[in-house]
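Undergrad: Predicted coordinates and the sequence they were generated for:
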Amino acid sequence: MKARVLKAGGTWNVVQTSVGEIVKTRLKGKLRLQNFESNNPIAVGDWVELSREKDDWLIKFIYERENSIERQSTKIGKQVQILAANIDQVVIIMSLKNPKSSLGFLDRILVSAESSQVKACILFNKIDLLSKNEIEQAYYCEEAYQKLGYTCRLISLKEKNGIIEISKIVRGKLSLLIGNSGVGKSTLVNSLDERKNRLVGKISEANSKGKHTTTLAELLFLENNNTMIIDAPGIKEFGLYSIKPDKLRWTFPEFLPYQKKCKFSDCMHKNEPHCEVKLAVAEKKIQLRRYNYYLELLNELQ
């Protein structure tokens, strides 16, 4: 029987079968040993095949994924953490204050999404907390990423208009909700579906960092199952995984119109002569900050 993974917890997982039944399943031993690079071979959003053995449902195998969002695992001895699979889009929640999310963190998630050919949307939350100068900075960030082709919104989850706008973005899709702890992910889920009473974490006054309120990624059904959200735990870092250095240039959409004009087809836009990407940076057609961060990531991957 085919089923979709709603919550992945290692040996035991929660799935929904093709007939709508939600059951707890175990992973067959050989599957646990198949992927030594992952801290868990099963991801939320995976399609799996079940078999019944005595009183237990067992996962026999995992269907091939259409896509996945992965990051370098922080757990010792494991390399990759699969945050979600088979999604329509990743919705990144940022906040420029309390806590402050870094643009480098955002860029890393965008690189992962581009690598997996997953659409990305960016929400800059908590604009109600910003000063006049900080609002101007937020508008600058919104415009900069919109020019790259990403859907961006400045929102406050305290305002009804913000919730309405987000509802339009996620409606009818399976979205991975991702961001640092404390940026408002659980508040957002509560606002989108009042049936889900999610814990909302307070910000630590000592360091203005959020406290984890979601401990495991979970697939939630909204609006009569037409809309689905994978609520991932808040994360501090997003290490890139399985992206080869020579593929990184293809994950920066602003490079694409220029790099095909480079003298060398394998130009890495670093030290090569007659590089059109570097020329576009010099002419301010490409953001210097983004180009410098590309070089930083390239050195990291190499």
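TA: Cool, the structure landed.
Undergrad: show me what contacts residue 50?
TA: By C-beta atoms under 8 Å, 6 or more residues apart in numbering, residue 50 lies in contact with 1, 2, 3, 15, 17, 23, 25, 57, 58, 59, 60. Using the backbone N, CA and C atoms, a C-beta is placed for each residue, glycine as well.
Undergrad: can you rerun that using 6 Å?
TA: Neighbour list for residue 50: 1, 3, 57 [criterion: C-beta atoms under 6 Å, 6 or more residues apart in numbering].
Undergrad: and residue 124, that's in a strand?
TA: Yes - per DSSP: H, G, I helix; E, B strand; the rest coil, residue 124 lies within a strand segment.
Undergrad: Distance-wise, check it relative to residue 191.
TA: Distance, residue 124 to residue 191, using C-beta to C-beta, to the nearest Å: 16 Å.
Undergrad: next one: phi and psi at residue 15?
TA: For residue 15, the backbone dihedrals are phi -130, psi 160 (criterion: degrees, to the nearest 10).
Undergrad: how many neighbours does it have?
TA: By other C-beta atoms under 10 Å, 25 other residues sit near residue 15.
Undergrad: cool, residue 243 as well?
TA: Residue 243 has 18 neighbours, counted by other C-beta under 10 Å.
Undergrad: Could you grab the helix/strand/coil label for it?
TA: Following three-state DSSP, the label given to residue 243 is coil.
Undergrad: and the spatially closest residue to it that is not a sequence neighbour, how far is that from residue 43?
TA: Distances taken as C-beta to C-beta, 6 or more residues apart in numbering put residue 115 closest to residue 243, at 5.3 Å, once the chain neighbours are dropped. Going from residue 115 to residue 43 by C-beta to C-beta gives 16 Å.
Undergrad: Tell me which of the two has more neighbours.
TA: Between residue 115 and residue 43, counted using other C-beta under 10 Å, the more crowded position is residue 43 (24 against 21).
Undergrad: list the contacts for the nearest residue to the more buried one once chain neighbours are set aside?
TA: Closest residue to residue 43 apart from its sequence neighbours, by C-beta to C-beta, 6+ apart: residue 82 at 3.9 Å. Counting by C-beta under 6 Å, 6+ apart, residue 82 makes contact with 43, 68, 70.
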